[in-house]
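# Here's my sequence, what's the structure:
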Amino acid sequence: MEQWVQGRVVGKTVWTERLVSLQVDAGIAPFEAGQFIKLGLEIGAETVGRPYSLVNAPGEHPLEFCFSIVPDGPLSGRLAALNAGDPVLVASHASGFLVLGEITGGRHLWLLATGTGIGPFLSILKTAEPWQRFERIVLVQAARLTSELMYRDTIDGLKALHADRFAFVPLVSRESTDFALPGRIPLAIENGQLEARAGIGFSAADSRVMLCGNPQMLKDVQQLLIERGLRKNRRSEPGNISVERYW
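Numbers count the residues shown, from 1 in each chain. All right, here's what the predicted structure looks like:
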C-alpha cells in the first residue's frame, strides 16, 4: 500500500493550457536524480495517485513536478487547478531506473526528451555527476510548439555554466522557428541533422543514450540506434540505451 506524506503547494507555473509545473513542499525519502514519485488527491472516497518525474535535483527544495493535463483524466486537471497553500499528497519514496547509477562507461551522454520528459533530465543535469563522468552532454527537447519548450531559463543557465561541454538541441514539429530543428527526433537522426547540430555522433563505443517521452518516439529511436550498433542497457548486460515511458 502506498505511503503518503502531506505536502503543500508553494508555487505553480502554467506553461500552456495543457502544461503545468507544481512546486511542492513535502518531506520525502532521499531519491536519485531522474526518478519519479506519485502525487495524489482525495477524490470522493478514494485516494487517486499518479507518478510524475521530479524536476528538482536531490537536496533541492521545493520539490517540482511538470505534467500534461489529460483530458477527462481523474487527476491531472485537479492538480493543475491547485494554487499556493493547497494541500497535496506525495508518496514518501521515489522510484525508477532512469538514473546515472544504472549506466556504465561512455564518453558522451545523450538525453532525448519529448514533452514533459524533459523533467528527469533537468534533475540529472543539476547534479555534479554527469559533468564529472562525461566529456560531452547533449540535451534534446522536442515539442509540437515553441511555447511547449519548457524550462528555457534553466537550460540557458546550464549552457552558461558548461558552454564548452554542453549542446542543447530543440525540435519543434508544428511551426517554423529560426532556432529549432524542424520535425521529430527520429527524422532528425535519420537525416543527420541531430548529430550535426550536436557536434558529435552516436557510437556504440562512446554514446550513452537516455530516452524519456512518448512511446512512439521511444520505439522509433531505439530501432534507429540499434541499427547503428547500439543496444539496450540492462543490468545483466550493460549497453547504450536507457528508456522511461510516459504512458
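# tell me the domain ranges of the protein?
4-91, 100-245 (automatic domain parsing).
# possible to save the ones you listed as JSON lines with mean neighbour count and mean pLDDT?
Any C-beta I mention is one placed from the backbone N, CA and C, and that applies to glycine too. Below are the domains of the chain laid out as JSON lines (neighbours: other Cβ atoms under 10 Å; pLDDT from 0 to 100):
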{"stretch": "domain 4-91", "mean neighbour count": "17", "mean pLDDT": "97"}
{"stretch": "domain 100-245", "mean neighbour count": "18", "mean pLDDT": "97"}
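# What's the first helix or strand after the biggest helix by length in the chain?
When the chain is parsed with DSSP state H, its longest helix is helix 215-227. As assigned by DSSP states H and E, the chain's next helix or strand after helix 215-227 is strand 241-245.
# So which elements touch that following strand?
On a contact count with 3 or more Cβ pairs under 8 Å, 6 or more residues apart in numbering; DSSP states H and E, strand 241-245 meets strand 207-213, helix 215-227.
# could you show me where the strands are in the chain, in order?
4-14, 19-25, 36-43, 46-53, 63-68, 87-91, 108-114, 136-143, 166-172, 181-182, 207-213, 241-245 (DSSP state E).
# and the most far-flung residue of the chain relative to its centre, what are its phi and psi?
For the chain, the largest distance from the centre (Cα atoms, centre = their mean) belongs to Ala45, which lies 32.4 Å off. Phi and psi for Ala45, reported as degrees, to the nearest 10, are phi -100, psi 10.
# what's the distance between it and Ala81?
According to Cβ to Cβ, to the nearest Å, Ala45 stands 20 Å off from Ala81.
# what's the answer for Asp164, then?
Counting by Cβ to Cβ, the gap from Asp164 to Ala81 is 43 Å.
# Likewise for Pro238?
The gap separating Pro238 from Ala81 is 44 Å, by Cβ to Cβ.
# In space, what's closest to Leu111 - neighbours in sequence excluded?
In space, Leu111 comes closest to Phe121 once its chain neighbours are excluded; the distance is 4.2 Å by Cβ to Cβ, 6 or more residues apart in numbering.
# thought that neighbour was touching Met210?
Yes - counting by Cβ atoms under 8 Å, Phe121 does reach Met210; the two are 7.0 Å apart.
# Find residues that contact each of those two.
34, 111 (Cβ atoms under 8 Å, 6 or more residues apart in numbering).
# mind checking how far stretch 73-81 is from the chain centre?
Remark: stretch 73-81 is offset 20 Å from the chain centroid, using Cα atoms, centre = their mean, to the nearest Å.
# which residues touch the nearest residue to Leu109 once chain neighbours are set aside?
In space, and not counting its chain neighbours, Leu109 is closest to Phe134: 4.3 Å by Cβ to Cβ, 6+ apart. By Cβ under 8 Å, 6+ apart, the residues touching Phe134 are 106-109, 165, 208.
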